[in-house]
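> build the 3D model from these lines:
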Amino acid sequence: MRGPNRPAISGERLKDMAVNARLGLDEARAAALSPVAEQTFAMLDGLDAVKLGDTPPAFSFDARWKG
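Coordinates of the predicted model:
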């Protein structure tokens with residue numbers, strides 16, 4: 001399930017993303033990894049459907065246990 005504003009992740013697009021991150025990725029490896037990247041980004045797109053409601057963001061975390 002691809003988000004409405006995200007283009008599909010082809011091997012060429014994945015290679016461009018790798019170049020932007022200064023990672024070496026050849027054509028064959030990019031083509032092999034593009035289905036995995038597409039699945040990973042599809043899972044992230046699913047987070048858009050999560051209703052957060054009125055939960056305010058937590059600016060700190062207190063790890064001490066009470067009790």
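> ok, now how distant is Ala8 from Ala21?
Between Ala8 and Ala21 the distance, using Cβ to Cβ, to the nearest Å, works out to 19 Å. All C-beta atoms are positioned from the backbone trio N, CA, C, and that covers glycine.
> now Ala58
Taking Cβ to Cβ, one finds Ala58 at 29 Å from Ala21.
> can you give me the helices in this structure?
Here the chain has its helices, by DSSP state H, at 11-20, 27-46.
> give me whichever of those helices is most buried.
helix 11-20 (a mean of 15; mean count of other Cβ atoms under 10 Å).
> give me the helices and strands touching that helix, please.
Packing contacts for helix 11-20, counted by 3 or more Cβ pairs under 8 Å, 6 or more residues apart in numbering; DSSP states H and E, involve helix 27-46.
> how far does the helix it packs on sit from its chain's centre?
Its chain's C-alpha centre and that of helix 27-46 lie 9 Å apart, by Cα atoms, centre = their mean, to the nearest Å.
> pLDDT weak spots in the chain?
Counting by pLDDT under 70, the ranges of the chain that qualify are 1-3, 67.
> in it, which residue is closest to the centre?
What sits nearest the mean C-alpha location of the chain, by Cα atoms, centre = their mean, is Phe41, with 4.4 Å.
> so that one makes contact with Arg6?
Yes: the pair Phe41 and Arg6 passes the contact test of Cβ atoms under 8 Å, sitting 6.6 Å apart.
> how about Ala18: what's its closest non-neighbour residue?
Closest residue to Ala18 apart from its sequence neighbours, by Cβ to Cβ, 6 or more residues apart in numbering: Leu25 at 3.8 Å.
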